[in-house]
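> Can you look at this prediction? I've put the sequence above it.
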Amino acid sequence: MNGSRFLIVTADDFGLDYSVNEAVASAAQSGVLTAASLMVGAPATDEAVRIAHSLPCLRVGLHLVLTEGWPVLGPRSIPDLVGADGKFADRMVLDSIRYCGSARIRRQLRDEIRAQFEAFARTGLKLDHVNAHKHFHVHPGILRDILTIGRDFGMQALRVPDEPLWFAASVNRSNYLSAPLLGPWLRIMRHQIRKSGIACNDRVFGVACTGQLDEETMLAILDRLPQGVTEIYLHPAQTARPISAAMSGYRHAEELAALLSPKVRAAVGASQAACGGYSDAFERRWGQSRIQNRTA
């Protein structure tokens, strides 16, 4: 993609809540949203699938949930992964260690990953991309399992959460200080993905300001949009309330407003970037792709 710009604008947590689904539909029809990442075990998944089928221009991928959310398999199948409520807890550091230390737990984890791929396949939607809730796919073991299992389901693209340092520094100092520590692994991760024959983005925006990517921030990104394949991901919803306790600081409505902003639409057009999903970005020839550039 050298010498050209391709922009993917993604809504994560599709299916988490009806307000999220409404925001995705609105932003895909009237804004700059080009893709969405579907939670296949969440409360509003069925409605999200119906919306996706009604929007052929929206590219939909799998948002694997392996922490803080709903699995597809029941507790009896994955007893070591979920709590008494049948959900994944929000304890990524502890679980990262547990996943490395137990063959039994790793087997359950593989079963759940496969079950989520199978659930997505049953939707009848084309699998545009794969990523994981809270970027848990950066875990070496989880990444390995996704690359192995995803091949059986036609996975062609996987997000690498590699965010430019200038952006992290401008919006969140703590992310800026920790980013260099993650950098070497992200380079290895990118190499492993491409070695497996899977495509990935060149960079992403949204990590350092997760849940708070407003119009001003969106315009700042687009003003410095680099060459190659860039993904900007957000968590829009048609609500001012937090959808969950873990999202207490998220400004869902402001993120939706950014996606619907005429200024943002104009900035996307001025960037001269082609727009679409991962499947569009990695067509052999852009002229033969199904790019939906709605910024004109």
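Nice, I can see it.

> Sketch out the strands for the protein, chain order is fine.
Ranges of strands in the chain, per DSSP state E, are 5-14, 35-38, 59-64, 130-132, 203-205, 228-234, 274-275.

> With respect to residue 138, which of those lies nearest?
Nearest to residue 138 among these is strand 130-132 (8.2 Å), distances taken as CB to CB. C-beta coordinates here come from the backbone N, C-alpha and C atoms, glycine included.

> Check the offset of that closest one from the chain's centre.
In this view, strand 130-132 has its centroid 6 Å away from the chain centroid, taken as CA atoms, centre = their mean, to the nearest Å.

> what helices or strands is it leaning on?
strand 59-64, helix 140-150 (3 or more CB pairs under 8 Å, 6 or more residues apart in numbering; DSSP states H and E).

> Redo the ones you listed as CSV? Include mean neighbour count, distance to residue 85 and mean pLDDT.
Putting the helices and strands packed on strand 130-132 into CSV (neighbours: other CB atoms under 10 Å; distance: least, CB to CB, whole Å; pLDDT from 0 to 100) gives the following:
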stretch, mean neighbour count, distance to residue 85, mean pLDDT
strand 59-64, 28, 20, 98
helix 140-150, 19, 22, 96
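
> now those as a markdown table including distance to residue 8?
Listed next are the helices and strands packed on strand 130-132 as a markdown table, based on distance: least, CB to CB, whole Å:
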| stretch | distance to residue 8 |
| --- | --- |
| strand 59-64 | 8 |
| helix 140-150 | 18 |
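
> The ones you listed: which one's closest to residue 221?
Proximity to residue 221 (CB to CB) singles out strand 59-64 among the helices and strands packed on strand 130-132, at 19.6 Å.

> Output the contacting helices and strands for that closest one.
strand 5-14, strand 35-38, helix 103-122, strand 130-132, helix 278-281.

> quick one: strands adjacent to it?
strand 35-38 (parallel), strand 130-132 (parallel) (DSSP bridges).

> just how off-centre is the first one within its chain?
Distance of strand 35-38 from the chain centroid (CA atoms, centre = their mean) equals 7 Å.

> Could you check how many residues crowd around residue 224?
11 (other CB atoms under 10 Å).

> any idea how far it is from residue 154?
34 Å (CB to CB, to the nearest Å).

> Ok, residue 57 next?
20 Å.

> Comparing those two, which shows the higher neighbour count?
residue 57 (15 against 10).

> ok, that one touching residue 27?
No - contact status for residue 57 versus residue 27: not in contact, 11.7 Å apart, counting by CB atoms under 8 Å.
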